[in-house]
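Q: Dropping a prediction and its sequence here:
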Amino acid sequence: MAELPKFLRPVTVPDADVGHAITFDAALALDCGKTLGPLTVAYMTYGTLNPARSNAVLICHALTLDQFVASAHPITGKPGWWDIMVGPGKPIDTNRFFVICANVLGGCMGTTGPAEICAATGRPYGLDFPLVTIRDMVRAQALLLDALGIDKLMSVIGGSMGGMQVLQWAASYPERVVSAVPIACAARHSAQNISFHEVGRQAIMADPDWKGGTYQLHGTQPAKGLAVARMAAHITYLSEMALQRKFGRSLQDREQISFGFGPDFQIESYLHHQGISFVDRFDANSYLYITRAMDYFDLAAEQGGTLAEAFRGAKTRFCIISFTSDWLFPTAENKHVAHALNATAATVSFVEIATDRGHDAFLLDEPEMFATVRGFLNSVAASVGA
Amino acid sequence: MSAALRPDLAAIAEMIPAGGRVLDVGCGDGALLEHLSLTKGVDGRGIELSQQNVNACVARGLPVMQGDADTDLVEYPDAAFDVAILSQTIQSTRSPRDVLGHLLRIGRRTVISLPNFGHWRVRASLAVHGRMPRTLALNYQWYDTPNIHLCTIADFVALANATGATIERALALDEKGRSRAMRAEAWGPNFLANGAIFLLRGR
């Protein structure tokens, strides 16, 4: 294929380094009733698995992140998305723990997703890719752990959609999960959250370059739609206070308003940048599929509407963390999970971190969050001899 | 074990049966829960407001919910715990009667410790100076105190009776937190004790 202009390139750069990858030939049965196979799971590891195999920590990533949790991103070159939390001497200490992070099913950094070539047709899946759920993502991760010979996880940790996977891990494989740290998440996606996702999806599908999801065959990409989706979503990751503090009504490279529709305000320019840089590293169809997986997530629904049932008899130790200014996954949603766990006499801690940085706080320098995670993992490690 | 337990907490610990499930509301840094877990094999849970204390509990491996007695107790099912503890906290709740009601519902037994606003120094301070009393245990100005619902031992006994609770044991605390048995209804402790610990059973 001829070299395409940068922002029109299919973003799942076919030759991008995805770290490690394992392909499973057996088809995976999905919640939607279809099967998917062969299935590739791309992942990164940090640290060393101890001889007792008791120090494995699985990190589950959020919607638009990937397996490059603590090392430079192969496409953007930016540092690992959680290298403030994960690394030597960090709260999730890779000198002590063996950290695994896998690209989610439906993703676009090496794990099978809609941008990958379907073996049966020889063409990218596009919309022929089956709808996947959070539980399907967790099933794929369980296959990976089986292949790595890891039976038990000392901890499963993740924020946002990663937190949903953490909860699903504890519900689906309670015997494999010694401890769980769901951060800034919920046991179900709220109507408001589904709304924002639908805005994003509609923006992508309204872009003529989307071409019914077959844009890869046309050497194009719905870059504008995907950028708008990212801009809308990005607002939900921040808080009104943080926006006001960082940007206020400051003007961008000008002394006064222009009486036009250019980016007069710094916040506009910032959002444009967020949108434009996103399309270089993310696949539009992947965005559709993964947002849908989050929308479908409702742990209580699997249990006849009673969330506590999802965790009945759980031996897993939980540490749930929320942030005061997070309106995407507010404290009340996180606490709801904590109370459901309490009702089953599970061992659960709930911590609410005071911050004005909104949902994204879980990715940022929040010393109290680091203290919580470090202290919790230390106590869990002591209990399992890791 | 770590540092010695405060004497009033040790007196509470002495009331807790081994191996039970315990909810400590306002558990602070978890010293009592850790002590109960190590010495009595208690399955302990905490509720605590302060971030620093919550992190201290988490680092000790104690399950703790960051939250508020006034709003969070409603979430706990009936008789979920063998003992519910409220140590030196009832005076800072918004609705002491509701909080007590929830504790009696959640725990088969409830242990409550509180400062005694009927102590003679408190009474004398108000009588002599005509100002809201400040004591070592309650060292705040009236306008910035978190202790918005102070009571005397006699007041608390009246509330316990009003809620239908049975007082199974009562201890008087001196200024160092040392405890001795008292008759809950007696006049003396309400005048002389700095605080009290009650073991209650709900209806």
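A: All right, it came through fine. Here the structure is a predicted model, which is why all the values come from computation and not from measurement.
Q: center of chain A, which residue is that?
A: Chain A has A:Ala62 as the residue nearest its centroid, 1.3 Å off, counting by Cα atoms, centre = their mean.
Q: Just confirm it is within a helix.
A: No - read with DSSP: H, G, I helix; E, B strand; the rest coil, A:Ala62 is coil and lies in no helix.
Q: count of neighbours near A:Asp326?
A: 29 (other Cβ atoms under 10 Å in any protein chain shown). For the C-beta atoms, the positions are set from N, CA and C on the backbone; glycine is no exception.
Q: just to revisit the earlier point, who are the contact partners of the residue nearest to the centre of chain A?
A: Going by Cβ atoms under 8 Å, 6 or more residues apart in numbering or on different chains, A:Ala62 touches A:158-162.
Q: next one: A:Gln303
A: A:309-310.
Q: ok, the residue nearest to A:Ala206 when sequence neighbours are not counted - how many residues close by?
A: Excluding its sequence neighbours, the residue lying closest to A:Ala206 (Cβ to Cβ, 6 or more residues apart in numbering or on different chains) is A:Gly225, at 6.0 Å. Per other Cβ under 10 Å, the neighbour tally for A:Gly225 reads 24.
Q: send the alpha carbons of whichever strand or helix holds A:Gly225 over as PDB?
A: Assigning secondary structure by DSSP states H and E places A:Gly225 in helix A:223-237. These are the backbone C-alpha positions of helix A:223-237, laid out as PDB (Å, rounded to 0.1, in the frame of the first residue of the first chain):
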ATOM      1  CA  ALA A 223     -10.100  10.800  11.800                       C
ATOM      2  CA  LYS A 224     -12.500  13.700  12.300                       C
ATOM      3  CA  GLY A 225     -15.200  11.600  13.800                       C
ATOM      4  CA  LEU A 226     -12.700   9.800  16.100                       C
ATOM      5  CA  ALA A 227     -11.200  13.100  17.100                       C
ATOM      6  CA  VAL A 228     -14.600  14.500  18.100                       C
ATOM      7  CA  ALA A 229     -15.400  11.300  20.000                       C
ATOM      8  CA  ARG A 230     -12.100  11.800  21.900                       C
ATOM      9  CA  MET A 231     -12.800  15.400  22.600                       C
ATOM     10  CA  ALA A 232     -16.200  14.700  24.000                       C
ATOM     11  CA  ALA A 233     -14.900  11.800  26.100                       C
ATOM     12  CA  HIS A 234     -12.000  13.800  27.400                       C
ATOM     13  CA  ILE A 235     -14.200  16.400  29.000                       C
ATOM     14  CA  THR A 236     -15.800  13.600  31.100                       C
ATOM     15  CA  TYR A 237     -12.300  12.600  32.300                       C
END
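Q: counting contacts, what elements does that helix pack onto?
A: Counting contacts by 3 or more Cβ pairs under 8 Å, 6 or more residues apart in numbering or on different chains; DSSP states H and E, helix A:223-237 is packed against helix A:191-206, helix A:266-279, helix A:284-296.
Q: Can you say which of those is packed in most?
A: Highest mean neighbour count of the helices and strands packed on helix A:223-237: helix A:284-296, a mean of 24 (counted as mean count of other Cβ atoms under 10 Å in any protein chain shown).
Q: Show me what the helix or strand just after that one is packed up against.
A: Next along the chain after helix A:284-296, taking DSSP H and E as the criterion, comes helix A:307-310. With contacts taken as 3+ Cβ pairs under 8 Å, 6+ apart, helix A:307-310 sits against helix A:331-343.
Q: What residues does chain A have near chain B?
A: Neighbours of chain B within chain A, by Cβ under 8 Å from any Cβ of the partner chain: A:317, A:319, A:335, A:338-339, A:342-343, A:345, A:347-354, A:368, A:371-372, A:374-376, A:378-380, A:382-383.
Q: What count of nearby residues applies to the nearest residue to B:Leu73 once chain neighbours are set aside?
A: Nearest residue to B:Leu73, sequence neighbours excluded (Cβ to Cβ, 6+ apart): B:His102, at 3.7 Å. Neighbour count of B:His102, defined by other Cβ under 10 Å: 23.
Q: same check, this time on B:Arg134
A: Counted by other Cβ under 10 Å, the residues lying close to B:Arg134 total 15.
Q: Now it: phi and psi?
A: phi -120, psi 130 (degrees, to the nearest 10).
Q: Excluding chain neighbours, give the residue nearest to it in space.
A: B:Tyr140 (6.8 Å).
Q: Isn't that neighbour up against B:Pro146?
A: Yes - the pair B:Tyr140 / B:Pro146 is scored as a contact, 7.2 Å apart, by Cβ atoms under 8 Å.
Q: Relative to A:Val177, how far out is the residue of chain B found nearest chain A?
A: Relative to chain A, the nearest point of chain B is B:Ala59 (2.9 Å; Cβ to the nearest Cβ). Using Cβ to Cβ, to the nearest Å, we find B:Ala59 at a distance of 21 Å from A:Val177.
Q: Those two: who's more crowded?
A: A:Val177 (23 against 18).
Q: Can you name the residues that contact the more buried one?
A: Applying Cβ under 8 Å, 6+ apart, we find A:Val177 in contact with A:152-153, A:155-156, A:169-170, A:316.
Q: and of those, the nearest to chain B?
A: Comparing the contacts of A:Val177 against chain B with Cβ to the nearest Cβ places A:Thr316 closest, at 11.6 Å.
Q: and the closest one, how many neighbours?
A: 24.
Q: Next: A:Arg254.
A: Each residue near A:Arg254 was counted by other Cβ under 10 Å, and the total is 11.
Q: Let me know whether A:Ala310 touches A:Gly304 as I believe.
A: No - assessed by Cβ under 8 Å, A:Ala310 is found out of contact with A:Gly304, at 10.1 Å.
Q: So for these two, which sits in the more crowded spot?
A: Neighbours were counted for A:Ala310 and for A:Gly304 using other Cβ under 10 Å; A:Ala310 has more, 23 against 7.
Q: Compute the distance between the more buried one and A:Leu153, please.
A: 18 Å.
Q: which intervals of chain B have sub-threshold pLDDT?
A: Counting by pLDDT under 70, chain B has low-confidence residues at B:1-3, B:136.
Q: Which positions in it make contact with chain A?
A: Going by Cβ under 8 Å from any Cβ, the residues of chain B near chain A are B:21, B:45, B:51, B:54-67, B:75-77, B:80.
Q: Distance of A:Trp199 relative to chain B?
A: For residue A:199 the amino acid is Val, not Trp. Distance of A:Val199 to chain B, given as Cβ to the nearest Cβ, to the nearest Å: 33 Å.
Q: Report how far apart the opening and closing residues of stretch A:304-315 are.
A: With Cα to Cα, to the nearest Å as the measure, stretch A:304-315 spans 22 Å from end to end.
Q: which parts of it are buried?
A: A:307-311, A:314 (16 or more other Cβ atoms under 10 Å in any protein chain shown).
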